[in-house]
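# got a structure for you, letters missing:
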């Protein structure tokens, strides 16, 4: 897949001095690639319905795009500047890129096999055909040609490259055709045609009925389930774009650029304008990947790599179509027989039986676990506050919000109804910057107090505060979460929501908002654990407490559930706990830099990862504490970026009912999963768990779909 030919800027193969030693840490980038491999394994998993497997293929491809835009781009900058030091596992940036490419070679081969030899034949058997242009019948080609001339050709702009035409700019993640044409005077010439992203990646092939309807000006039936690749449609109709020239050949390619936006906040007079300027430059940053079709000749490859200033080790060739994220369009087909059966999220009886959510919260704390529980009570929390005449103020953080958000609508309604509304919109939420700028401006236009974030930090905490006047005085209500205020992702991410009017927690949240919206430098909180001021140390202190407990009583136990475990201080503390004999179960969905099962180091630690229908996204930290069980939930993973460079909140679950439910029905069931779980081995590879003979088969997500509703 990768061209490994020599290049002056190519990573060297010399091993760093520290990496010759056995490292106590797994490499972060390789750990992420192996998470993405687990996503690919779900595309290979025939237990899933067919279009769900297609969905996993698109997730794998989209994840890899982001990996290059952020992680590989960072390594590339370090290689070029020679400024990067070794990672905690000992590998230099050069070494990491080499290992990444070796991993990707194997992943690409598996992806290609899965698509061509497994998914495509299965789609065909199900009546869905993704064809190459050469497979179309004559009348189908004629219909597609008419579509091309009518809809596509007017949008295309062929761009020549010669001494009078500079090399055209290639925007990030755009599809392109490198076209070779024969000019009667100049001979062979190179041109670039961009494949517009306003058209579907897979062009529907009209049925005979569709053609008849089009001729009558009546549109389409929408019944077709036969498709052809858009770039092949364009590539086979290029004569229209180059009249008088002979089109010799065309070759698809795609460029990925550095998308790690950096803002000099100290120099920005207006953060929102500075962010917009940086986003405008995202398409003009350095290229970090060139994807080519395997048939691309060397001289076309040379033109592209030379003008994109890319070293050969960042050039990747494929035998499959490039940019496979586009096949997500297949998932939109009306084929419920090829998808997971739908489910209806539940609403706890303590909520459904109450006419007022605020009244229900006054009775007791409320826990929701999405997507098994509906996200609508979170929306209703804001809607009720917006229309309650006794509510005085609403304060909220927003990190990622879906389009046409009912959360935003409720905040705007609250402002119209005279409430004081203050919202922190994090402009630096990666890949959501433009969306958040739009929301920030809309809220400001309606009179909402909008804060763009905290200088030098991202605000990742998920917090909403409602202030209400009641008979006995002012009372505050709080929603705390592990996931975003996003209705769409709440259906596909597992996340927790917690409602409380506990006075100490509410006071902490008020103090937090004062520090976010004003100049408060409060570093002390009664019940919340807040980053970057105190969260890491509080976690370390609790691990140390468990060590002391185990040395005295032998019953130390820790169980964490999170997206990523990278922080070396936290990993070392867990190693210390293991060496003291504390039993530790870690459920880490994505990156894990801890090596479990190392003799004398981490023998009592297990690490599992569940990748399934829903994206495991909740963060839960459980310390047994000699039976005085502590359960914490919140927005933070144990990563340096979360602990040092973000505003994060971890909150205690003090209600005994909810605490036991989290321990027994979320953590414990996840640990019993022997269908979708993989166990991390000391060498950094993962083995899928299998039920032992006579053991009950447990798919934790399926179990929760069945059993979670009955607990309320």
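Looks like it arrived, so ask away. This structure is a prediction, so every number in the text was calculated from the model and none was measured.

# next one: residue 142 from residue 351, what distance?
Residue 142 sits 59 Å away from residue 351, going by C-beta to C-beta, to the nearest Å. To be clear about C-beta, it is placed using only N, CA and C from the backbone, and glycine gets the same treatment.

# ok, the two, which is more surrounded?
residue 351 (21 against 12; other C-beta atoms under 10 Å).

# you'd agree the more buried one is up against residue 377?
Yes: contact criterion C-beta atoms under 8 Å: residue 351 and residue 377 qualify, at 5.2 Å.

# okay, and the common contacts of the two?
Both residue 351 and residue 377 are contacted by 357, 366, under the criterion C-beta atoms under 8 Å, 6 or more residues apart in numbering.

# for residue 606, give me phi and psi.
Phi and psi for residue 606, reported as degrees, to the nearest 10, are phi -120, psi 140.

# what are the phi and psi angles of the nearest residue to it once chain neighbours are set aside?
Nearest residue to residue 606, sequence neighbours excluded (C-beta to C-beta, 6 or more residues apart in numbering): residue 585, at 5.3 Å. Here is the backbone geometry of residue 585 (degrees, to the nearest 10): phi -120, psi 120.

# could you do residue 37 as well?
The phi/psi pair for residue 37 (degrees, to the nearest 10) reads phi -60, psi -40.

# show me the strands in the stretch 301-450 of the chain, by range?
Listed in chain order, the strands of the stretch 301-450 of the chain (DSSP state E, counting those that start in this stretch) span 315-318, 366-370, 391-398, 420-425, 449-451.

# next up, the contacts around residue 34.
103, 684-686.

# host element of the closest residue to residue 544 other than its chain neighbours?
Leaving aside its sequence neighbours, residue 544 sits nearest to residue 573 (C-beta to C-beta, 6+ apart; 7.0 Å). In this structure, residue 573 sits in helix 568-579 according to DSSP states H and E.

# how about that helix, which residues are buried there?
Buried residues in helix 568-579, defined by neighbour count with 16 or more other C-beta atoms under 10 Å: 570-571, 573-575, 577-578.

# for those residues, which one is nearest residue 193?
Nearest to residue 193 out of the buried residues of helix 568-579 is residue 571 (C-beta to C-beta; 49.5 Å).

# which one is that closest one nearest to, not counting chain neighbours?
Spatially, and ignoring its direct neighbours in sequence, residue 571 is nearest to residue 594 (4.7 Å; C-beta to C-beta, 6+ apart).

# I'd say the one you found and residue 572 touch.
No: counting by C-beta under 8 Å, residue 572 is not a contact partner of residue 594; they are 9.3 Å apart.

# residues contacting the closest residue to residue 33 other than its chain neighbours?
Leaving aside its chain neighbours, residue 33 sits nearest to residue 103 (4.8 Å; criterion: C-beta to C-beta, 6+ apart). Contacts for residue 103 (C-beta under 8 Å, 6+ apart) come out as 30, 33-34, 37.

# can you confirm residue 475 is in a strand?
Yes: counting by DSSP: H, G, I helix; E, B strand; the rest coil, residue 475 is found in a strand.

# now for it: which residues touch it?
362, 468, 501.

# pLDDT weak spots in the stretch 451-600 of the chain?
520-521 (pLDDT under 70).

# for it, which segments count as strands?
Secondary structure of the stretch 451-600 of the chain (DSSP E, counting those that start in this stretch): strands at 458-459, 462-470, 473-481, 493-500, 529-531, 557-562, 583-588.

# partner strands of the shortest one, parallel or antiparallel?
Just to be clear, that refers to strand 458-459. Sheet pairing of strand 458-459 (DSSP bridges) gives strand 646-652 (parallel).

# any low-confidence regions in the stretch 251-400 of the chain?
Residues of the stretch 251-400 of the chain that meet the cut-off, pLDDT under 70, sit at 261-283.

# try it again with 90
Where the stretch 251-400 of the chain drops to pLDDT under 90, the residues are 259-285, 318-321, 323, 325-326, 348-355.

# after the longest helix belonging to the chain comes which helix or strand?
As assigned by DSSP state H, the longest helix anywhere in the chain is helix 93-113. Following helix 93-113 in sequence order, the next helix or strand is helix 120-125 (DSSP H and E).

# buried sites along that next one?
Buried-residue list, helix 120-125, by 16+ other C-beta under 10 Å: 120, 123.

# same check, this time on stretch 597-605
Per 16+ other C-beta under 10 Å, stretch 597-605 contains these buried residues: 597, 601-602, 604-605.

# could you do stretch 195-202 as well?
195, 199, 201-202.

# got the domain boundaries for this protein?
Here the domain assignment for the chain is 1-126+311-337, 139-297, 349-526, 530-711, based on automatic domain parsing.

# how long is the third one from one end to the other?
Read that as domain 349-526. 31 Å (C-alpha to C-alpha, to the nearest Å).

# right, and residue 145 touches residue 237 too?
Yes: with contacts counted by C-beta under 8 Å, residue 145 reaches residue 237, the gap being 5.9 Å.

# quick check: closest non-adjacent residue to residue 488.
Nearest non-adjacent residue to residue 488, counting by C-beta to C-beta, 6+ apart: residue 402, 4.3 Å away.

# need the contact list for that neighbour.
Residue 402 neighbours (C-beta under 8 Å, 6+ apart): 486-489.

# ok, back up a step: ok, so of the buried residues of helix 568-579, who is nearest residue 122?
The shortest approach to residue 122 among the buried residues of helix 568-579 belongs to residue 571, at 41.5 Å (C-beta to C-beta).

# longest strand of this structure?
strand 246-257 (DSSP state E).

# helices and strands around the helix or strand where residue 75 lies, which ones?
Assessed by DSSP H and E, residue 75 sits inside helix 73-81. Here helix 73-81 touches helix 93-113, going by 3 or more C-beta pairs under 8 Å, 6 or more residues apart in numbering; DSSP states H and E.

# could I get the average pLDDT for the helix it packs on?
When pLDDT is averaged over helix 93-113, the result is 95.

# hmm, residue 385 is touching residue 356, no?
No: counting by C-beta under 8 Å, residue 385 stays clear of residue 356, with 10.7 Å between them.

# between these two, which is the more surrounded one?
When residue 385 and residue 356 are compared on other C-beta under 10 Å, the one with more neighbours turns out to be residue 385, at 28 against 11.

# from residue 498, how far off is that one?
17 Å.

# quick one: distance of stretch 170-190 to the chain centre.
From the chain centre to the centre of stretch 170-190 is a distance of 35 Å (C-alpha atoms, centre = their mean, to the nearest Å).

# kindly apply the preceding question to stretch 654-674 instead.
That offset, for stretch 654-674, works out to 25 Å (C-alpha atoms, centre = their mean).

# and the end-to-end length of that stretch?
30 Å.

# could I get the average pLDDT for it?
Mean predicted confidence for stretch 654-674 is 97.

# surely residue 556 and residue 579 touch.
No: using C-beta under 8 Å, residue 556 makes no contact with residue 579, being 11.7 Å away.

# okay, the strands of the stretch 301-450 of the chain, which one's buried deepest?
Sort the strands of the stretch 301-450 of the chain by mean neighbour count, taking mean count of other C-beta atoms under 10 Å, and strand 366-370 sits at the top with a mean of 24.

# got the contact list for that strand?
With C-beta under 8 Å, 6+ apart as the test, strand 366-370 has contacts from 345, 348, 350-351, 360, 374-375, 377-378, 483, 490-491, 493-500, 618, 653, 655, 658, 661-662, 666, 704, 708.
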